[in-house]
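Peer 1: Got a predicted structure here, sequence first:
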Amino acid sequence: MAGLIGEVGDFREYKTISEILKFAGLDLFEISSGIHKGQRRISKRGRSLMRKLLFFASINVVHKGGIMHEYYQGCLARGMLKMKALTAVSRKLLGVIFALVRDHSEYIGNYAVEQELKKAA
């Protein structure tokens, strides 16, 4: 986490998640022309160390019992390759970190379940 903070600096400088994804080089792009529709890939134009740190963090959170295990398994079930699924988890993880810093909040593992319980009460 310290390496990520060292790379980004202050998360509050960014207004949207797309800005920070672009800074990391995890923004999607495709090369299309006329009838030809290209594949979507990450741009890799941002900070390579930041992408590496997020990738290693994503490996740790997709283990069984990890916070992104279900999301990762869903990506694999949709036919994604393992590396692409880990990249998707990296993007999602960066989004979660950005949202936590932006909202000054704590991570809640079962957020949807807790919201259901609040509505029921």
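Peer 2: Received, thanks. This one's a predicted model, so the numbers in the text were calculated from it and none came from an experiment. Numbers count the residues shown, from 1 in each chain.
Peer 1: is it true that residue 3 touches residue 51?
Peer 2: No - the criterion here is CB atoms under 8 Å, and residue 3 misses it with residue 51 at 11.6 Å. All C-beta atoms are positioned from the backbone trio N, CA, C, and that covers glycine.
Peer 1: which one of these two has more residues nearby?
Peer 2: Shown here are residue 3 and residue 51; by other CB atoms under 10 Å, residue 51 has more neighbours (19 against 14).
Peer 1: where does the more buried one sit relative to residue 22, distance-wise?
Peer 2: According to CB to CB, to the nearest Å, residue 51 and residue 22 sit 12 Å apart.
Peer 1: and the one helix or strand residue 19 maps to, average pLDDT?
Peer 2: Per DSSP states H and E, residue 19 falls inside helix 17-24. Mean pLDDT, computed over helix 17-24, is 88.
Peer 1: In that helix, which residues are buried?
Peer 2: 20-21, 23-24 (16 or more other CB atoms under 10 Å).
Peer 1: What is the following helix or strand past that helix packed up against?
Peer 2: Sequence-wise, the next helix or strand downstream of helix 17-24 (DSSP H and E) is strand 28-29. Applying 3 or more CB pairs under 8 Å, 6 or more residues apart in numbering; DSSP states H and E, we find strand 28-29 packed against strand 41-42.
Peer 1: What is the subsequent helix or strand relative to the strand it packs on?
Peer 2: helix 48-61.
Peer 1: Now for residue 33, how many residues are close by?
Peer 2: Residues near residue 33, counting by other CB under 10 Å: 7.
Peer 1: For it, name its beta-bridge partners.
Peer 2: Beta-bridge partners of residue 33, counted by DSSP bridges, are residue 36.
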